[in-house]
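1. Dropping a prediction and its sequence here:
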Amino acid sequence: MYALSMQIERVSTGLRYRFQYYAPLLYQTRPSQSLVECSQISDIFDGRETASRRVYILYTDGLTLMDMEGFDIIPTTQDTFSKYSIPSHTGSTLYLANISVASPGSSSRLRFDFHLTRSSHTTIIMGSVTRTTPLDEQLSILYVDCFDSFTNNIIGLLEGRLGANVIMVRIDDKQADRDLHTLLRAVDGVVIGPGPGHPGNPQDVGFINRLWALSDSELLPIFGICLGFQSLCLNHGADVKKLKSPRHGIVSRSTHQGTDILKGLGDLDCTQYHSLHADLELTGAPATHFWQPNDVCPDLLPLAWDLSDDDNGPVLMAVRHVTKPFWGCQFHPESICTSEAGKDLLVNWWKHALRWSANNGRVKTGELTGRYLPNSFSRLFVDAPIQSGHLKTSHLAQELRSAAGRDGIFLRWAKYPAQGVTPTVLLEKLGHRDDEVILLDSQGHNMGRFDIIGLVVPGKTTNVTYSSYERTLKYGNFSKNIDSIDDCWPLFQEALDLYYPQNQEIDRSKLRSDMDRFIAGHLPADSPFWGGFMGYVSYEAGLETIDVKLPEKPTDGSAIPDINFAFIHRSIVIDHHTNQIYVQSLLPNDWTWILRVGSLIDSVSAASGKSECLSSTSITESRHLNDTLARSTITRPTGDSYRAQVRDCQDHLRSGDSYELCLTDESSIVIPSDPSSDKDNPPLNTWSLYKKMRLNNPAPHGAYLNLPDVSIVGTSPERFLSWSRGGHCQFRPIKGTVKKGPGMTHDIASEILNSSKERAENLMIVDLIRHDLSGVVGADNTWVSKLMVMEEYEKVYQLVSVIEGQLPPAELPGAPRGLHVLKNSLPPGSMTGAPKKRSCEILVDLEKRPRGIYAGVLGYMDVGGAGDFSVVIRTLVKNKLEQKEGEVALSVNLFMAQNTIKSMQLGMSEAFLHRSERVGDSDEKPDEMEVRDEDRNGYY
Ligand SMILES: C=C(O[C@@H]1C=C(C(=O)O)C=C[C@H]1O)C(=O)O
Ligand SMILES: NC(=O)CC[C@H](N)C(=O)O
């Protein structure tokens, strides 16, 4: 399948239309040879700017033409023509036209002409495309999604192993419910996916029950996975009951007899995500009864059992209907930990399914069009509007770009050798310690490489904020209500792209000779950030992206923005691997600043070898901080409320509503005002606190943000998502935490982290993130490079996995970008649990408060196309709006428990406050820093 897209560019003579092939499934290995062919269809334009911003043309069974701007599409070929519209994410309507070509069997080149018209302007575009397998010759599967977090992994398996086109609909899709019979006629089989809840609850299964009731003439092969399987069993006489011990994230061996769809499959090690099971009432029955239908369920033939589970006894793992083409399995074939045999089970099913259709004379009739796009296409188009390149540049992009003037050189930069320079020392020397600043700091951690400082330049730097509660976008003097958070992302992408220094022509004659030496090459490729957005996206913004009702917001006017990005023009990047510092500016004529910073770096670097400069924290500053903290009051959730919440979580896990929940709470540290303090000299200096924390608990994703409404002081070890300029994406979720302390050794930690509870929790997040990522880049382009590896940090051991993926080349029009991956993966899976949506709903109900920045993500998006975000944990947040008279409030978030809570989790967020910093010759006692401990609950 190919997608052909056309992009309209603004050129001096008018508009130019450029055609390009975009082959979504092939982009990695074959960057579309057809591109050349298609670019010959060039340069036809009507010269009017009112024409479309962009037109997409899809080539499927014939030609499909999609127009984002509401053109009328009139084909001039003799072929049949139909037009559909599908709503896009951003609310605008995407028009999709499908032109079926007269001679579908021909594999020769195909020529087509058509007009695009809009009001009185007419555009004629001619094209030629090479035919690939027509859609109607491909097999297709209707996938019914029950709001699970593993859906894209299953679809990837069906596309990859079965070679089928997969059309996905959700259980609550009213239109699909109405179209069901038409839909079923146009596909070769149906897969019903897993999901939260109970198959007996109508809202958990939507229209699924209709599938089990199909008349004989409408029958078609159906496969149910987990909830889908339970629904099959429930509809055929079995009871679906709670297990004694939930099996969420457990990998275990299933026993089978190699019959039916299990033929030829070897050892079947399968991941289970369930707490319900289909009960065939076989307790106490002889072994032979386990492999045949019984009186309770005469229609169900058991095919596999888990007989290894002592707690629960035999649990049914796979069945088939004795006469109808219905099959199902309780485990998750798509999980990273399910063996190949589990995946082959689906391949076997497909063979059985197709054989059943052939034997029963079932032929597909009708075609799926319009809103029922194959998954590989809809993935592209749902996200298409994020692409920039619109004819009309948005106001935000213009505003942000205007700071750079009309100058053609976008990035000025210099590189200085420097050893031992820390970002904190540098910021102090620059005189910015109390200014608005954003520091992403690897804190000297061996897993970090770069420190990135973004400087806010008064009058030049724009803060862009968005509130998920108010649905308001604000920057500069501008404030606008927008429909939803979806409208923000394209603006961000566009603003970044407008700066993209790709074609940076440096006119060396305009440079003073002493500057020339600083331009080592075209652009500093080693520097991960050249400028762009730095800031955070809150947890609630993430909830909005997945359509979860937000928790009540604070009513005292202290709500801080949910998206908060500063567009950074001036940045300093310290590379600890190469011992180089990049000083960079996107502002015109900014050489003076670059040179000033450069000479300061030289002096700091020269002094860094001398002992008096080893610490930037003065002893007095540290004493003052300790005194202040000693006067603080910490308010924590009580043990009783915590235990009650844990019990509620366990109930949800047992009833199958969630497979994993990341329950969190908040503690606040309140510091009474100091009579001597004033606005410029607050009782608690967050900068001093940050310096202490980066020494006490260094972590690769440290962060200090001093923004107008909020200060953030963080030592997060967890990368949420990074993407490189070349489109390589990486997630590093952490699940599994062991606190260091007396008696804790590497071996004991490893044993704990290898327990089935910790591994189960980690596995679920790995599968969830594979789903998030492959939803954008495709399952073929997603892989797991590390699975459950223990890493050691200053205060804890962690169980970490790494999930990676590759985006298509950014130059391809319509290609998804890093920002797509970001927005499709919020809120971070390690902070929610799975399935994400239902788990978040449960957590909102239980926690009854916005998490705010905590559990959100923090980082940068660079004008060069890269991005890097951490998960906001182990972080203190000071809401400046909340500050009451006479006190300073900081909030620390605690995470307490997930899943089955077999072992108590640790009070991580406080660990970092419990060690004295390493200050030169200070005579402080090691624990002087310790915050008061009296009301500490037993659960840390
Ligand atoms: C929720 C927190 O941590 C999350 C939960 C972890 C776990 O379950 O082990 C580990 C890292 C985070 O994703 C936190 O530190 O506040
Ligand atoms: N993964 C699933 O589909 C789970 C099904 C059901 N909610 C259970 O927990 O048993």
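-> Sure, I can see it. Ligands and ions are numbered 1, 2, ... in the order given.
2. Just read off the phi/psi values of the spatially most distant residue from the centre of the chain.
-> Going by Cα atoms, centre = their mean, the residue of the chain most distant from its centre is residue 286, 48.7 Å out. Taking degrees, to the nearest 10, you get phi -60, psi 160 for the backbone angles of residue 286.
3. Kindly provide the distance from it to residue 311.
-> 22 Å (Cβ to Cβ, to the nearest Å). Placement of C-beta: from N, CA and C, glycine included.
4. What parts of the stretch 101-250 of the chain come near ligand 2?
-> Residues of the stretch 101-250 of the chain lying close to ligand 2 by Cβ under 6 Å from any ligand atom are 194, 195, 196, 197, 226, 227, 230.
5. make it 8 Å
-> 146, 148, 150, 193-199, 204, 225-230, 240, 243, 246, 248 (Cβ under 8 Å from any ligand atom).
6. shaky segments in the stretch 251-400 of the chain?
-> Residues of the stretch 251-400 of the chain meeting the criterion pLDDT under 70: 369-370, 376-393.
7. Using the three-state scheme, assign the residue of it found nearest ligand 1.
-> Nearest residue of the stretch 251-400 of the chain to ligand 1: residue 273, at 17.2 Å (Cβ to the nearest ligand atom). Three-state assignment for residue 273 (DSSP: H, G, I helix; E, B strand; the rest coil): strand.
8. Could you pick out the longest strand of the protein?
-> As assigned by DSSP state E, the longest strand anywhere in the chain is strand 239-256.
9. And ligand 1, is it touching that?
-> No: using Cβ under 8 Å from any ligand atom, strand 239-256 never reaches ligand 1; the gap is at least 12.4 Å.
10. roughly how far is that strand from the heart of the chain?
-> 29 Å (Cα atoms, centre = their mean, to the nearest Å).
11. Can you tell me the strand partners of that strand and which way each runs?
-> Its sheet considered, strand 239-256 pairs with strand 268-279 (antiparallel), strand 300-306 (antiparallel) by DSSP bridges.
12. Tabulate those in JSON lines, adding columns for distance to residue 738 and mean neighbour count.
-> Formatted as JSON lines, the strands paired with strand 239-256 follow (distance: least, Cβ to Cβ, whole Å; neighbours: other Cβ atoms under 10 Å):
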{"stretch": "strand 268-279", "distance to residue 738": "23", "mean neighbour count": "24"}
{"stretch": "strand 300-306", "distance to residue 738": "29", "mean neighbour count": "23"}
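13. Looking at the ones you listed, spot the one closest to ligand 2.
-> strand 268-279 (3.2 Å).
14. Could you check how far the closest one is from the centre of its chain?
-> Distance, centroid of strand 268-279 to centroid of chain: 27 Å (Cα atoms, centre = their mean).
15. Stretch 332-351 now?
-> With Cα atoms, centre = their mean as the basis, stretch 332-351 stands 25 Å off its chain's centre.
16. ok, now stretch 562-571?
-> Taking Cα atoms, centre = their mean, one finds stretch 562-571 lying 20 Å from the centre of the chain it belongs to.
17. Quick one: mean pLDDT for that stretch?
-> Average pLDDT, stretch 562-571: 97.
18. same thing with stretch 718-729?
-> On average, stretch 718-729 scores 95.
19. how many neighbours does residue 168 have?
-> 23 (other Cβ atoms under 10 Å).
20. give me phi/psi at it?
-> Dihedral angles of residue 168 (phi, psi; degrees, to the nearest 10) stand at phi -100, psi 130.
21. residues contacting it?
-> 143, 145, 151, 155, 375, 378 (Cβ atoms under 8 Å, 6 or more residues apart in numbering).
22. Leaving out chain neighbours, which residue sits closest to it?
-> Spatial nearest neighbour of residue 168, excluding adjacent residues (Cβ to Cβ, 6 or more residues apart in numbering): residue 143 at 4.6 Å.
23. What of residue 144?
-> Here the residue nearest residue 144, using Cβ to Cβ, 6+ apart, is residue 192, at 4.6 Å.
24. host element of the residue in the stretch 51-200 of the chain that ligand 2 sits nearest to?
-> Relative to ligand 2, the nearest point of the stretch 51-200 of the chain is residue 194 (2.9 Å; Cβ to the nearest ligand atom). Under the criterion DSSP states H and E, no helix or strand holds residue 194.
25. check contacts around it.
-> With Cβ under 8 Å, 6+ apart, residue 194 has these contacts: 146, 148, 150, 154, 225, 226, 227, 228, 273, 332.
26. Over to residue 308?
-> Listed by Cβ under 8 Å, 6+ apart, the contact partners of residue 308 are 252, 253, 255.
27. Put the buried members of these into a PyMOL selection.
-> What follows is the PyMOL syntax selecting those of the contacts of residue 308 that are buried according to 16 or more other Cβ atoms under 10 Å:
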select buried, resi 252
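28. Return the member of the contacts of residue 308 nearest to ligand 2.
-> Nearest member of those to ligand 2, counting by Cβ to the nearest ligand atom, is residue 252, at 14.6 Å.
29. The nearest residue to residue 544 once chain neighbours are set aside - how many residues pack around it?
-> Closest residue in space to residue 544, ignoring its immediate chain neighbours: residue 468 at 4.3 Å, by Cβ to Cβ, 6+ apart. Per other Cβ under 10 Å, the neighbour tally for residue 468 reads 24.
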